[in-house]
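In: what follows is a protein structure lacking sequence information:
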């Protein structure tokens, strides 16, 4: 029986490390062995399975806290993203309102500049007419004097 335990360990190791297509001959060796070898192998296999289950549970427990931390962080990021979205929307609205005011003031400036240009043009035209008006004034004065 003592000889079969190391042999069972070797068989289990071979099963774990071999391609599934090659497992058949390895398992046959369990049945070809001593009497009750199959039962002892099944006990050894159950112990191996329990050991693997414990290792899997340890790994899951180890990674579980990281998973929980990641989810918590993700929820915080989501909340921050929502706050940021609200801030961006508010900033956009305020920029749109400010832009409307700038557009209105720009249109007013354009209207004033057109008006200023028209006034300048009128002043230039009136200055061109000044000599003629002065001559007319002198002529009218002279005509009044001759009467």
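Out: Received it, and whenever you're ready, just let me know what you need. All figures in this text were calculated on a predicted structure; none of them were measured in a lab.

In: so which bits of stretch 50-67 are buried?
Out: Buried residues in stretch 50-67, counted by 16 or more other CB atoms under 10 Å: none are found. Backbone N, C-alpha and C define where each C-beta goes, glycine included.

In: tell me how far that stretch is from the chain's mean position?
Out: Centre-to-centre, stretch 50-67 and its host chain are 32 Å apart (CA atoms, centre = their mean, to the nearest Å).

In: tell me the mean pLDDT for it?
Out: For stretch 50-67, the mean per-residue pLDDT is 88.

In: which residues sit in contact with residue 48?
Out: Residues counted as contacts of residue 48 (CB atoms under 8 Å, 6 or more residues apart in numbering) are residue 12.

In: lowest average confidence across helices and strands of the protein, where is it?
Out: Lowest by mean pLDDT, DSSP states H and E among the helices and strands of the chain is helix 23-32, with a mean of 64.

In: from the chain's centre, how far out does the helix or strand following it sit?
Out: Per DSSP states H and E, helix 23-32 leads on to helix 37-146 as the next helix or strand towards the C-terminus. The chain centroid and the centroid of helix 37-146 are separated by 17 Å, computed with CA atoms, centre = their mean.

In: from residue 71, how far out is residue 85?
Out: In this view, residue 85 and residue 71 are 21 Å apart by CB to CB, to the nearest Å.
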